[in-house]
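Q: Give me a model of this one.
(4 chains)
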2 protein chains.
Amino acid sequence: MKEQVPDVVIQRLPMYAHILRALKDVGVESIGSRELGAMLRTTPAQIRKDLSYFGKFGKQGMGYDVGQLLSEVTHVLGLGRPWSLALVGTGRLGRALIEHKGFVDEDFQMVAVFDKNHRRIGRKLGGLVIQDVVELEQTVKERGIEIGIVAVPPGEAQRIIDTLVRAGVKAILNYAPIVARVPKGVQLRQITPLHSLQSMTYYLKPGYVAPAPVAEQRTKKKTRESGI
Amino acid sequence: MKEQVPDVVIQRLPMYAHILRALKDVGVESIGSRELGAMLRTTPAQIRKDLSYFGKFGKQGMGYDVGQLLSEVTHVLGLGRPWSLALVGTGRLGRALIEHKGFVDEDFQMVAVFDKNHRRIGRKLGGLVIQDVVELEQTVKERGIEIGIVAVPPGEAQRIIDTLVRAGVKAILNYAPIVARVPKGVQLRQITPLHSLQSMTYYLKPGYVAPAPVAEQRTKKKTRESGI
DNA sequence: CCGTGTGAACCGCTTCACAGCG
DNA sequence: CGCTGTGAAGCGGTTCACACGG
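A: Sure thing, here's the model as predicted:
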């Protein structure tokens, strides 16, 4: 149990939950930090440290109870209860998002979709009637929608984000490639695949040489050969 | 000019490039670290530090030449020449990716698409004929495809990634929600919107209280009243 | 003087190493 | 004993503060 949980830890927890659910589904009941670390491509120390921010869930000598740890992580993240989403923009991307199974799981429910194109308004998408974007603010307020998903062209994205914020949304997932502005206290996540590509190319350039693999400490001691 | 460039800096450069291009398009010729910082939502110090890793592009008292800085950043990232992409998986997501304008810009060109579904193989998608995924490895090798985009179901993703790696791809953009394994030297970026949502909810929970705004240093001195 | 470039201080996260519990 | 939980050390990145160039 600690003071403040680092942001990085929070961002790792969804992966923890993901793996733990998979383990549970397969019937694994207990797991150690070593194996869990291997599955998540981190170190055992990282696992233990991360979990220590929330409490002591492990049993020394044994490891962690998968089911218990899963529900703990789930609870920390605020999952296990449904969150309501609104999608703005029903172009190719918006439609793909809403129809792509797995984008939304049981904890996230799309409850309204918006577009400004009058040819689309009134049609159905994913079981919802597409509303005129002018209704966005009021609908979000009335229905207490908590999270907004922005899939509109770049030129309109900031305006939509401002509207969502004004309507009281506290978290936004933005697919438009802009440097969005949100007030403090509003969460923003950016999905910008182009930027991912553009940063990978740096490491692919002829000039790039990988950093030395730490050079030292290929010792692998630590096996405690003194003991017997 | 420095030794090794931090990864975080590389990941910020696409945004730098994005903003600089926008500025250039609008006719802005010069910009200071203060304004650039404001546009990128960082501090001037961050901007100057980041740029210092590559050289000295600014003129003291003035600022940075937008065009020059843009081409510098572009060059550092290895852009300005085309990179070839292969898409694997032409379900809803894959189709949305390839048809969504703006996903790929002039520096990234999709040159092959694959699927395992025989109903889709042979059809055209984005101007390309969908190939059988069994041809993936050979085609990637033959055509020297450099980057792979994975948009297949989770259960098949790791196998596809392994195949891409075997074929010589050095960078992979993966949309499947798995904890993928790639050998060192291969770049991997994960696009997992569900995890973004799941980490945002932590900050939306009733229990969460924002960290104190640093408390001190609301002094705003630094006006250098000692000088004269 | 204004604003860049940069060593140095600072800060937060990761890794280490080990005390302690089952 | 094995493995968790954790203070402490280590490290990378950010922020500060100022020397220096136009």
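Q: Number of residues surrounding the spatially closest residue to A:Asp107 that is not a sequence neighbour?
A: Once flanking residues are discounted, A:Asp107 sits nearest to A:Leu79: 4.8 Å by CB to CB, 6 or more residues apart in numbering or on different chains. Bear in mind the C-beta positions are built from the backbone N, C-alpha and C, glycine included. When counting by other CB atoms under 10 Å in any protein chain shown, one arrives at 23 neighbours for A:Leu79.
Q: what sits opposite A:Tyr64 in the beta ladder?
A: Partner residues in beta bridges with A:Tyr64, using DSSP bridges, are A:Ile31, A:Gly58.
Q: Assign the closest residue to A:Asn117 other than its chain neighbours to helix, strand or coil.
A: If the residues on either side of it in the chain are set aside, A:Asn117 comes closest to A:Thr90, at 7.8 Å by CB to CB, 6+ apart. Following DSSP: H, G, I helix; E, B strand; the rest coil, A:Thr90 is assigned to coil.
Q: so A:Val8 is in which element?
A: Assigned by DSSP states H and E, A:Val8 belongs to helix A:7-26.
Q: sorry, back to before: now do the contacts for the residue nearest to A:Asn117.
A: In this structure, A:Thr90 makes contact with A:98, A:113-115, A:117, A:120, A:125, A:130, A:151, judged by CB atoms under 8 Å, 6 or more residues apart in numbering or on different chains.
Q: Among those, which pair sits farthest apart?
A: When CB to CB is used, the two most widely separated members of the contacts of A:Thr90 are A:Ile98 and A:Asn117, lying 15.6 Å apart.
Q: Which of these two has more residues huddled nearby?
A: A:Ile98 (21 against 13).
Q: Any residue of the helix or strand of chain A with the lowest mean pLDDT touching chain B?
A: Between all helices and strands in chain A, the lowest mean by mean pLDDT, DSSP states H and E belongs to helix A:92-99, at a mean of 90. Yes - counting by CB under 8 Å from any CB of the partner chain, contacts between helix A:92-99 and chain B involve A:92-93, A:95-97, A:99.
Q: Stretch A:145-160 now?
A: Yes - among the residues of stretch A:145-160, A:146-147, A:154 lie within reach of chain B under CB under 8 Å from any CB.
Q: that's a strand at A:Val169, yeah?
A: No - residue assignment for A:Val169, taken from three-state DSSP, gives coil, which places it outside any strand.
Q: Could you give the number of residues near it?
A: 26.
Q: On the three-state scheme, the residue lying closest to it once chain neighbours are set aside is what?
A: Taking CB to CB, 6+ apart, and ignoring the residues beside it in sequence, A:Val169 has A:Gly148 as its nearest neighbour in space, at 4.6 Å. Judged by three-state DSSP, the three-state class of A:Gly148 is strand.
Q: ok, back up a step: list the buried residues of the least confident helix or strand of chain A.
A: With burial defined by 16 or more other CB atoms under 10 Å in any protein chain shown, the residues of helix A:92-99 counted as buried are A:92-98.
Q: Show me which of those is closest to A:Val8.
A: For the buried residues of helix A:92-99, the closest approach to A:Val8 (CB to CB) belongs to A:Leu97, at 26.1 Å.
Q: gap between A:Leu197 and A:Leu204?
A: The span separating A:Leu197 from A:Leu204 equals 10 Å under the rule CB to CB, to the nearest Å.
Q: Actually, A:Ile19.
A: Relative to A:Leu204, A:Ile19 is positioned 29 Å away (CB to CB).
Q: Also A:Ile145?
A: 41 Å.
Q: Now the common contact residues for A:Leu197 and A:Leu204.
A: Overlap between the neighbourhoods of A:Leu197 and A:Leu204 consists of B:83, B:147, B:171, taking contacts as CB under 8 Å, 6+ apart.
Q: what is the second one paired to in the beta sheet?
A: If I follow you right, that is B:Ile147. Once the bridges are assigned, which here means DSSP bridges, B:Ile147 pairs with B:Leu85, B:Ala171.
Q: mind listing what the residue of chain A found nearest DNA strand D touches?
A: Evaluated by CB to the nearest atom of the strand, chain A has A:Gly58 as its residue closest to DNA strand D, separated by 2.8 Å. Residues in contact with A:Gly58, defined by CB under 8 Å, 6+ apart, are A:33, A:48, A:51, A:64.
Q: In PyMOL, how would I select just the buried ones from those?
A: Of these, the buried ones go into a single PyMOL selection, burial set by 16+ other CB under 10 Å:
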select buried, chain A and resi 33+51+64
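Q: Near DNA strand C, list only the ones from the contacts of A:Gly58.
A: Near DNA strand C, judged by CB under 7 Å from any atom of the strand, the entries from these are A:Arg48.
Q: mind listing which of the contacts of A:Gly58 are in helices?
A: When DSSP state H is applied, the contacts of A:Gly58 are split such that A:33, A:48, A:51 fall in helices.
Q: Adding distance to chain B, write these out as CSV.
A: Conversion of the ones in helices among the contacts of A:Gly58 to CSV gives the following (distance: CB to the nearest CB, whole Å):
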residue, distance to chain B
A:Ser33, 16
A:Arg48, 18
A:Leu51, 15
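Q: Just put these in CSV and tack on distance to A:Leu136 and pLDDT.
A: Conversion of the ones in helices among the contacts of A:Gly58 to CSV gives the following (distance: CB to CB, whole Å; pLDDT from 0 to 100):
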residue, distance to A:Leu136, pLDDT
A:Ser33, 46, 98
A:Arg48, 45, 98
A:Leu51, 40, 98
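Q: With respect to chain B, which of the buried residues of helix A:92-99 is nearest?
A: Distance to chain B across the buried residues of helix A:92-99 (CB to the nearest CB) is lowest for A:Ala96, with 3.2 Å.
Q: how much space between that closest one and B:Val134?
A: A:Ala96 sits 26 Å away from B:Val134, going by CB to CB.
Q: A:Gln4 too?
A: When distance is defined by CB to CB, A:Gln4 is 51 Å away from B:Val134.
Q: And for A:Gly89, the neighbour number?
A: Here the count is done by other CB under 10 Å, and A:Gly89 has 26 residues near it.
Q: So for it, what's the pLDDT?
A: Looking at A:Gly89, its pLDDT stands at 98.
Q: my guess is it contacts A:Arg120, does it?
A: No - if you go by CB atoms under 8 Å, A:Gly89 and A:Arg120 don't touch, sitting 9.8 Å apart.
Q: residue contacts, A:Arg166?
A: For A:Arg166, the contact set (CB under 8 Å, 6+ apart) comprises A:Glu137.
Q: Return the distance of it relative to A:Glu137.
A: To A:Glu137, A:Arg166 is 6 Å away according to CB to CB.
Q: Also A:Tyr64?
A: Here the distance between A:Tyr64 and A:Glu137 works out to 45 Å (CB to CB).
Q: Phi and psi next, for the residue nearest to A:Leu197 when sequence neighbours are not counted.
A: Leaving aside its chain neighbours, A:Leu197 sits nearest to B:Phe108 (5.7 Å; criterion: CB to CB, 6+ apart). Listed backbone geometry of B:Phe108 is phi -130, psi 120, with angles given as degrees, to the nearest 10.
Q: Quick check: bridge partners of B:Phe108?
A: Taking DSSP bridges, one obtains B:Trp83 as the residues bridged to B:Phe108.
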